[in-house]
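Chemist: Just the structure for this:
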Amino acid sequence: MRAALRAMAGAAAILLALPLATNSAAAADDPVTVSISEVDLNGPAIVPVTVTVTNGGTTKLSRLSVTFTGPVGWSVYPESRTVRDAVRPGQSVQVSFDIRVPERLPGFTLRTFTATASYTGGSATGTRVQRSGEPLPDLAAAYNNVGVTDESNPTPGNFDGDGNSFSAQKLADVGVTPGGSVSALGATFTWPSAAAGTKNNVIAGGQAIALPGQGSKIAFLGSAAGLAAVGTATVWYTDGTSSSGTFGFPNWSFQDATAHGATLVASSDGRNRPDGYGNAGIAYRIFAHSIPVDPAKTVDLVVLPSNGSIHIFDLELIP
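Modeler: Numbering: from 1, shown residues only. The predicted structure is shown next:
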């Protein structure tokens, strides 16, 4: 494969590192910046990528080398390049690579590209994340777990991986009913309208969910089937930028209710086990948590964390 890439690169494989026009200086505490050109994701193809290193400092960059990597399994040629001449303060240099882009897969994906510039006395890294495909239209389209069952038929439930689930009757006792409102953290959530014994929540696995609108936070309503149910959600805006935030839920029963910074929303008595209702006197709980978003931008979608212990019943943009 390396030989094929070498052939495709041809004469362009020769060092391509030419000083560019002076760029504006970077922040004083990060004088060297690395940027990556947009990558054409319409594979299968071998496509060129340009990495730009800008010296915003006050001393020359000498013995500069640049490495570039793409997603796991994507071949890059060459793996690194060396820049012959020092880069003076206020100048930039461009280095070219070729990357083999596979055939585009259906569904939504995030592709991360990373470039690192190493030089005498330090290094700097830049990343580029690009979207491919469309998000799911809403959270209900991602439902993949039966978290609530009727006490007369508990067998479909499997909130925790052991066949246990919330009791629909006991949730109703504390005001949590299908299609009903649940308030927390300034948000008005809607409890899933799915019938007991059917899929009504999302085990977080990196799903992309459309969430158009503006606000200062995204609030999540859910619970956890483990003790380490924490992950990072990525928010994409309509201008192509993104931000991220970390949130988590305590275990639905056996963990402090304030773990991971969550807020307790509701506690139901007992749970449904495969053989029927049980564990009376033990609380099984629902929580809320939130992450910040840029209120000056319009949200396009949110990518859920990749942590199978996190279960999400609803999410909402809040002012």
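Chemist: Does the residue lying closest to residue 71 once chain neighbours are set aside lie in a helix or a strand, and which?
Modeler: In space, residue 71 comes closest to residue 111 once its chain neighbours are excluded; the distance is 5.4 Å by CB to CB, 6 or more residues apart in numbering. Placement of C-beta: from N, CA and C, glycine included. Using DSSP states H and E, residue 111 maps to strand 109-119.
Chemist: Ok, residue 288 next?
Modeler: Per DSSP H and E: strand 276-292 holds residue 288.
Chemist: Give the partner strands of the helix or strand following that strand in its sheet and their orientations.
Modeler: Per DSSP H and E, the first helix or strand lying C-terminal to strand 276-292 is strand 299-303. If you go by DSSP bridges, strand 299-303 pairs up with strand 208-213 (antiparallel), strand 230-237 (antiparallel).
Chemist: Could you dump these into TSV with mean pLDDT and distance to residue 223 added?
Modeler: Output for these, formatted as TSV (pLDDT from 0 to 100; distance: least, CB to CB, whole Å):
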stretch	mean pLDDT	distance to residue 223
strand 208-213	96	18
strand 230-237	96	13
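Chemist: Residue 172 in helix, strand or coil?
Modeler: In three-state terms, and counting by DSSP: H, G, I helix; E, B strand; the rest coil, residue 172 is helix.
Chemist: Can you get me a residue count around it?
Modeler: 14 (other CB atoms under 10 Å).
Chemist: Distance check, it against residue 152.
Modeler: Residue 172 is 14 Å from residue 152, where distance means CB to CB, to the nearest Å.
Chemist: what's the answer for residue 227, then?
Modeler: From residue 227 across to residue 152, the span is 31 Å (CB to CB).
Chemist: again, but for residue 106
Modeler: Taken as CB to CB, the span from residue 106 to residue 152 is 40 Å.
Chemist: between these two, who's got more neighbours?
Modeler: Neighbour count, other CB under 10 Å: between residue 106 and residue 152, residue 152 has more, with 12 against 8.
Chemist: Return the residues in contact with the more buried one.
Modeler: With contacts defined as CB atoms under 8 Å, 6 or more residues apart in numbering, residue 152 has no neighbours.
Chemist: Next, give phi and psi for it.
Modeler: Here is the backbone geometry of residue 152 (degrees, to the nearest 10): phi -80, psi -10.
Chemist: Quick check: closest non-adjacent residue to residue 309.
Modeler: Spatial nearest neighbour of residue 309, excluding adjacent residues (CB to CB, 6+ apart): residue 226 at 3.3 Å.
Chemist: Going by residue numbers, what spans are strands in the stretch 101-250 of the chain?
Modeler: 109-119, 122-132, 148-149, 166-167, 181-184, 187-190, 202-205, 208-213, 217-224, 230-237, 242-248 (DSSP state E, counting those that start in this stretch).
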